[in-house]
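Peer 1: Pasted the sequence and its predicted model underneath.
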Amino acid sequence: MKRTVSSHLEIYLYDTADLIFSIAVAEGAQFTSEKLTFVSNGQSLEATEIVGRHGTRLHRLIANTGPMTIDYFCEVEGVIAPPSVDEIDLIEYRRPSRYCESDTLMPTAAAEFAGLEGKALLDAVSSWVGDRLSYVPGASQPTDGAVATMLARQGVCRDYAHLVVALLRGLDVPARLVSVYAPGLSPMDFHAVAEAYVEGAWHVVDATTLAPRSSLLRIATGQDASETAFLSQHWAGVDLQYLEVTAVVDVLPMDDITQLVHLN
């Protein structure tokens, strides 16, 4: 499997800012080509790469007031080994978090999914969330969590993933959010899915069903969107003026819903 992904961002800084980007494919991929550039006020800047948990690659730099463009391109061959299992992850990813209020949703999870486990549980949670939410771009706020999403019954991919994660954690199943490049996604954008630990391994759960799970390419992994955002800024206001994401694969696979799928 050959996947080619890219992202182009145009932003405007209102003062000197500390910027952290999370747009590069995570460590562990078989890269055949990769390039990341930053241009601020017509001048190229160099970023410091910081590798976080699960191979998440952050790129940090200081930029001055004015326009800035960011371009990323990557080609990856083959598939990536299943993510490792760390005991601390199985503890931390069962806890409530900023956007995944599993303690609040515990009674709902227990009532809706009593007696289910393993793949049957993942299928049931994914279907439940997919049936109850409508995918509506712009319908949710950046600060909305799983509870707000469930009440509104609409949102985008991160909202679907937050609700899946919160319900699974409410049943003591370790679950986390993953930002990905998603060949086959329409409309194309950065995508967010859940990853749950069942039957001795981490598996993808995507209640939006908008892209084949086996084609997804990991960017960042964390408790929720607070740890996987493609851009974090400090010191100054930043406007995102334009964003374009592409993700293609040589042969788009079918998504066999009868199978558990590891995220590449």
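Peer 2: Ah, there it is. Numbers count the residues shown, from 1 in each chain.

Peer 1: quick one: what helix or strand has the closest residue to Thr48 other than its chain neighbours in it?
Peer 2: Spatial nearest neighbour of Thr48, chain neighbours left out: Arg60 (5.1 Å); criterion: CB to CB, 6 or more residues apart in numbering. Any C-beta I mention is one placed from the backbone N, CA and C, and that applies to glycine too. According to DSSP states H and E, Arg60 maps onto strand 57-63.

Peer 1: So in that sheet, which strands flank that strand, and in what orientation?
Peer 2: strand 17-21 (antiparallel), strand 48-51 (antiparallel) (DSSP bridges).

Peer 1: Return the most buried member of those.
Peer 2: The highest mean neighbour count among these, using mean count of other CB atoms under 10 Å, belongs to strand 17-21: a mean of 19.

Peer 1: quick check: angle from the next helix or strand after that one to strand 57-63?
Peer 2: Note on strand 17-21: by DSSP H and E, the next helix or strand toward the C-terminus is strand 30-40. Here the directions of strand 30-40 and strand 57-63 differ by 20 degrees (axes from the mean of the first three to the mean of the last three CA atoms, to 10 degrees).

Peer 1: Which elements pack onto strand 30-40?
Peer 2: strand 43-45, strand 57-63, strand 66-77 (3 or more CB pairs under 8 Å, 6 or more residues apart in numbering; DSSP states H and E).

Peer 1: Which of those strands sits closest to Leu168?
Peer 2: strand 57-63 (26.2 Å; CB to CB).

Peer 1: picking that back up, can you list the helices and strands packed on strand 30-40 in CSV and add mean neighbour count, mean pLDDT and distance to Val205?
Peer 2: Formatted as CSV, the helices and strands packed on strand 30-40 follow (neighbours: other CB atoms under 10 Å; pLDDT from 0 to 100; distance: least, CB to CB, whole Å):
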stretch, mean neighbour count, mean pLDDT, distance to Val205
strand 43-45, 12, 96, 37
strand 57-63, 17, 97, 24
strand 66-77, 18, 97, 22
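
Peer 1: can the strands paired with strand 57-63 go into TSV with extra columns for mean pLDDT and distance to Thr208?
Peer 2: Shown next, in TSV, are these (pLDDT from 0 to 100; distance: least, CB to CB, whole Å):
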stretch	mean pLDDT	distance to Thr208
strand 17-21	98	24
strand 48-51	97	29
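
Peer 1: phi, psi of the closest residue to Gly200 other than its chain neighbours?
Peer 2: Nearest non-adjacent residue to Gly200, counting by CB to CB, 6+ apart: Val85, 7.6 Å away. Main-chain torsions, Val85, degrees, to the nearest 10: phi -110, psi 120.

Peer 1: List the buried residues of stretch 137-156.
Peer 2: 139-140, 144-150, 152, 154-156 (16 or more other CB atoms under 10 Å).

Peer 1: The residue nearest to Gly200 and Gly184, how far apart?
Peer 2: Distance of Val85 to Gly184, computed by CB to CB, to the nearest Å: 28 Å.

Peer 1: neighbour count winner among these two?
Peer 2: Shown here are Val85 and Gly184; by other CB atoms under 10 Å, Gly184 has more neighbours (17 against 12).

Peer 1: can I assume that one sits in a strand?
Peer 2: No. Gly184: not assigned to a strand; according to DSSP: H, G, I helix; E, B strand; the rest coil it is coil.

Peer 1: That one and Ala211 touch, don't they?
Peer 2: Yes. Counting by CB atoms under 8 Å, Gly184 touches Ala211, with 4.3 Å between them.

Peer 1: Please determine how far Pro96 is located from Gln223.
Peer 2: Where Gln223 is concerned, Pro96 sits at a distance of 9 Å (CB to CB).

Peer 1: Point me to the residue sitting closest to the centre of the protein.
Peer 2: Ser179 (1.7 Å; CA atoms, centre = their mean).

Peer 1: Surely it and Ala194 touch.
Peer 2: No. Checked against CB under 8 Å, the pair Ser179 and Ala194 is beyond contact range at 11.4 Å.
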